[in-house]
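Visitor: Build me a structure from this.
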Amino acid sequence: MSPTSSSTPQYEICASPEEAVDRLEALHGSASAALRTAIERTLRGGAPPDAGERTTFRYPALRLTYAPTGGGPPATRRAWAKFQSPGTYATTVTQPGFFRPYLLEQLRPLVSEFGATIEVGPSTQEIPYPYVLERGDEFDSNGSAPFLLARHFVSPALAEVGDEVADSLWRFDSGAPLPLALFDAVRVDYSLRRLVHYTGTDWRAVQPWILLTNYHRYVDQFLRWAVAEIARPDSPWMSLVLPGGAQIGRNDAAQAEAMIATVPWHRFQMPAYHLLRADGSGGVTLVNIGVGPSNAKNITDHLAVLRPHCWLMVGHCAGLRQSQAIGDYVLAHGYLRRDRILDDLVPPEIPVPALAEVQLALQAAAGQVTGERGDGLKRRLRTGTVVTYDDRNWELRWSRERRRINLSRAIAVDMESGTLAAQGYRFRVPYGTLLCVSDRPLHGEIKLPGTASAFYERAVGQHLMIGLAALEMLRGDLAALHSRKLRSFDEPPFR
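Guide: Predicted coordinates for the structure are as follows:
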């Protein structure tokens, strides 16, 4: 979406980032309350809102002006919260209370280092009515509400939701402000509701450190470890949010197993589990995305609006080399993208680089968890190219794919990693891949019932712990993690 027009009235200059976010919260709160009131009145047979009342249903807008008095922009090694050129930048904002830490993190350097002026006011973008309803059915007793509401209120219109800024498709209009952020309010609200639908949990529970997996065994391991951690009095982990909304806290150890057994995870396409830290510094979310690049793109389209610090893929793959064994690990340093789902947005000829900070953390974590070093670690952990297919039965096309795989020097095949890396690159979210070899189809070891040996079970448990340990290492150096590698020359100021 294009940023809010610079001609939007009723902007107020804010003296500080804190004042700006306070005003954003007040405007969003009053607009949401006015919209809910009008919805309830209309459904009870009262008068629908007129054009004047509907002007009170608008998202708040945030506008920054950067007008240097001399010289160029101040020098900074930071990859975000910086202006590329003088001008006015704007976006609409939703849920400013939830995003307050993020907004302040972006605004403070832009004011203190660049001298930006902040203005806040109502935008021209009306809030779609479902986005102010928590469940979506609060006022619907007979199923007729959507038809009535669509006549008098703005409905979510996907034609007005887009990723033009992220995909370098945004076009500059003379007199209009430049984009301040990758996503505007209506795009964010759309994804927040999609997250609830797919994961079965409130979007507010999603943590900034994300593990994505394609197999339920990792969920089982994560739950066992998380419950044990929560029970420890000195643990940094405080509680675990389950699909469906149930929450396991420190006092729930006795009934934790029963609570997990009743989780309705099967109702949700990509169930998510959220482990929260006691210090509020950001916990870990594990999402079982299932199999395939479509799922991988779908969930990351929506997770991206929360601006996570990192997502890592920890799942299964097919090993391609004779020297690999079931249970070995693959650390992707390149991707042969045969998933096709992002070819128009991130064409295959665009390199999707491995991120050194993530690669080093995963390798160090592998050594820490397995206790192996040097040649011992190299025997278990291979670094190389991963092929990501959109066809689970890629083996049946081996005669056609063999040359391409040989040219790529690939060491493993999966169906999600290349997509997740391309999505991270596209949305400026640090990414990485550590896979576990579950079969070797070119060497006679295919997936059959009973092939899950005790060694393989141990490898899965270790694998999850490697992913968790890597995230803990990355947590300590956010400045390096959010590097310039993922940012373009005309990047919006906000991360």
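
Visitor: surely residue 63 meets residue 92?
Guide: No: counting by Cβ atoms under 8 Å, no contact exists between residue 63 and residue 92, whose distance comes to 10.2 Å. In this view, the C-beta of every residue, glycine as well, is placed from N, C-alpha and C.

Visitor: Among those two, which residue is more densely surrounded?
Guide: Counted by other Cβ atoms under 10 Å, residue 63 and residue 92 do not tie: residue 92 has more neighbours, with 29 against 24.

Visitor: how much space between the more buried one and residue 60?
Guide: The gap separating residue 92 from residue 60 is 7 Å, by Cβ to Cβ, to the nearest Å.

Visitor: For those two, list the residues in contact with both.
Guide: Contact with both residue 92 and residue 60 is made by residues residue 123, according to Cβ atoms under 8 Å, 6 or more residues apart in numbering.

Visitor: ok, now which ones touch residue 295?
Guide: 269-270, 289, 416.

Visitor: what secondary structure does it sit in?
Guide: helix (DSSP: H, G, I helix; E, B strand; the rest coil).

Visitor: For the helix or strand hosting residue 18, which helices and strands make contact with it?
Guide: Per DSSP states H and E: residue 18 is located in helix 17-43. In terms of contacts (3 or more Cβ pairs under 8 Å, 6 or more residues apart in numbering; DSSP states H and E), helix 17-43 is packed against strand 12-14, strand 58-66, helix 100-112, strand 117-126, helix 145-152.

Visitor: and for the first one, what are the contacting residues?
Guide: Counting contacts by Cβ under 8 Å, 6+ apart, the residues outside strand 12-14 that touch it are 20, 23, 117-121.

Visitor: and that strand, which residues are buried?
Guide: residue 14 (16 or more other Cβ atoms under 10 Å).

Visitor: quick one: contacts for the residue lying closest to residue 29 once chain neighbours are set aside?
Guide: Spatially, and ignoring its direct neighbours in sequence, residue 29 is nearest to residue 97 (7.9 Å; Cβ to Cβ, 6 or more residues apart in numbering). By Cβ under 8 Å, 6+ apart, residue 97 lies in contact with 25, 28-29.

Visitor: Shouldn't residue 97 be within a helix?
Guide: No: Residue 97: not assigned to a helix; according to three-state DSSP it is coil.

Visitor: gap between it and residue 104?
Guide: Counting by Cβ to Cβ, the gap from residue 97 to residue 104 is 12 Å.

Visitor: likewise residue 259?
Guide: From residue 259 to residue 104 the distance is 35 Å (Cβ to Cβ).

Visitor: With mean pLDDT and distance to residue 72 as extra columns, can I get the helices and strands packed on helix 17-43 in CSV?
Guide: Formatted as CSV, the helices and strands packed on helix 17-43 follow (pLDDT from 0 to 100; distance: least, Cβ to Cβ, whole Å):
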stretch, mean pLDDT, distance to residue 72
strand 12-14, 97, 25
strand 58-66, 98, 12
helix 100-112, 98, 16
strand 117-126, 97, 19
helix 145-152, 84, 50
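
Visitor: Cool, thanks, signing off.
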